[in-house]
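Asker: One predicted model, sequence on top.
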Amino acid sequence: MVARRPGSVVPVSAVDREIAWQILALNTEKAHNLKERSLEVIRIYRGLVEEDASLPESKFSFYLDEPALVTLGVCYERMPRFGGGAYHSILRRLETFSDDPLRTTLKMHEKRAAMVLDLEERVAVVVKRLKERGLISPYLRSFVVARINPLRWIAGDPPPLEEVFKTMRERIAKFNVDKIRPQDLAGAAGPPDE
């Protein structure tokens, strides 16, 4: 065993880094919920960017599991009480790993996270108004997001993410809480609000 001075930097070989990334990927698979998985993936992503931001994102698809987790990870970093389950299926359908460099794709995920969080603010207003009307359900956020989601009617290739979120913003602006009845919520399912 070699004694090292406190604070000294120990060189890490490429093999050691590869093993470390595999261990992190396994930890991501073991994460218990969407928030933990997403936060673990964004930590891995930021580590990859620090190591070599010029490498293509697609090279690390094994470690990152799915691109939606990167975007959701950014959302959870910015808003720890974010209800990502309501948006996960939408992002999972719209996002793919890119061959662009990590430095570029990280900015793209951050931009998309800002779009998601902007929509979430608008959804939260509608959820609050529904609660004020006495409609209570652990699935209220998921119910509202499902109502404004245009993907449920689109078979085949979906439109670009930016277009889908633009449509969702337009729909949430027109959402009429007075038309929602308690029986409408009875069939609502999906991930409960986190």
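Answerer: Thanks, I have the structure now. Numbers count the residues shown, from 1 in each chain.
Asker: Show me where this protein has its helices.
Answerer: 14-30, 34-52, 61-64, 67-78, 85-94, 102-132, 140-148, 161-173, 182-186 (DSSP state H).
Asker: how far is the shortest one from where the chain is centred?
Answerer: So the one you mean is helix 61-64. 15 Å (C-alpha atoms, centre = their mean, to the nearest Å).
Asker: Tell me how many other residues crowd residue 155.
Answerer: 6 (other C-beta atoms under 10 Å). The way it works is simple: take the backbone N, C-alpha and C, and place the C-beta from them, glycine included.
Asker: Would you single out the least confident of the helices of the chain?
Answerer: Comparing mean pLDDT across the helices of the chain, the weakest is helix 14-30, with a mean of 56.
Asker: residues in contact with residue 168?
Answerer: 119, 145, 148, 149, 150 (C-beta atoms under 8 Å, 6 or more residues apart in numbering).
Asker: Repeat that for residue 152.
Answerer: Per C-beta under 8 Å, 6+ apart, neighbours of residue 152: residue 146.
Asker: ok so, going back, of the contacts of residue 168, which count as buried by neighbour count?
Answerer: 119, 145, 148, 149, 150 (16 or more other C-beta atoms under 10 Å).
Asker: returning to that earlier point: now, which of the contacts of residue 168 sits nearest residue 171?
Answerer: Nearest to residue 171, judged by C-beta to C-beta, of these is residue 148 at 3.8 Å.
Asker: Please tell me how far the residue lying closest to the closest one once chain neighbours are set aside sits from residue 149.
Answerer: Of all residues not flanking residue 148 in the chain, residue 171 sits nearest, at 3.8 Å (C-beta to C-beta, 6 or more residues apart in numbering). For residue 171, the distance to residue 149 equals 8 Å [C-beta to C-beta, to the nearest Å].
Asker: what does residue 41 give?
Answerer: 23 Å.
Asker: sorry, back to before: among the buried ones among the contacts of residue 168, find me the one that's closest to residue 34.
Answerer: Closest to residue 34, out of all of the buried ones among the contacts of residue 168 and judged by C-beta to C-beta, is residue 145, at 14.1 Å.
Asker: And for the closest one, nearest residue in space, chain neighbours not counted?
Answerer: Closest residue to residue 145 apart from its sequence neighbours, by C-beta to C-beta, 6+ apart: residue 86 at 4.2 Å.
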